[in-house]
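In: no sequence on this one, just coordinates:
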């Protein structure tokens, strides 16, 4: 089971689930594809924080994650 814990940072989640990088990039988080950005900013940013910064609807992001086979832990 692929579980996304929204309290974990983006770097931790993409290390556990490398396929998450492509899903987040598709959702418009373009910096995620850059390994340097993922390893620096990704270490201090959670998915909810990224949504807030990029003005994205967290519920829509969660829906897409679930459609991609992830279980989202709030």
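Out: In hand now; what should we look at? Small disclaimer: the values here were computed from a predicted structure and weren't measured.
In: alpha carbons only for contacts and neighbour counts from here, please
Out: Will do.
In: what is the mean pLDDT for the biggest helix by length in the chain?
Out: Identified as the longest helix of the chain according to DSSP state H is helix 58-67. Averaging pLDDT along helix 58-67 yields 97.
In: What lies in contact with it?
Out: 23, 27, 48, 51-52, 71-72 (Cα atoms under 8 Å, 6 or more residues apart in numbering).
In: just the buried members of these?
Out: The neighbour count (16 or more other Cα atoms under 10 Å) marks 23, 48, 51, 71 as buried among the contacts of helix 58-67.
In: Quick check: pLDDT value at the residue nearest the centre of the chain.
Out: By Cα atoms, centre = their mean, the chain has its centre lying nearest to residue 47, at 4.8 Å. pLDDT recorded at residue 47 is 97.
In: from the middle of its chain, how far away would the longest helix of the chain be?
Out: In this view, helix 58-67 has its centroid 10 Å away from the chain centroid, taken as Cα atoms, centre = their mean, to the nearest Å.
In: Then stretch 31-45?
Out: 10 Å.
In: Fine by me, we can end here.
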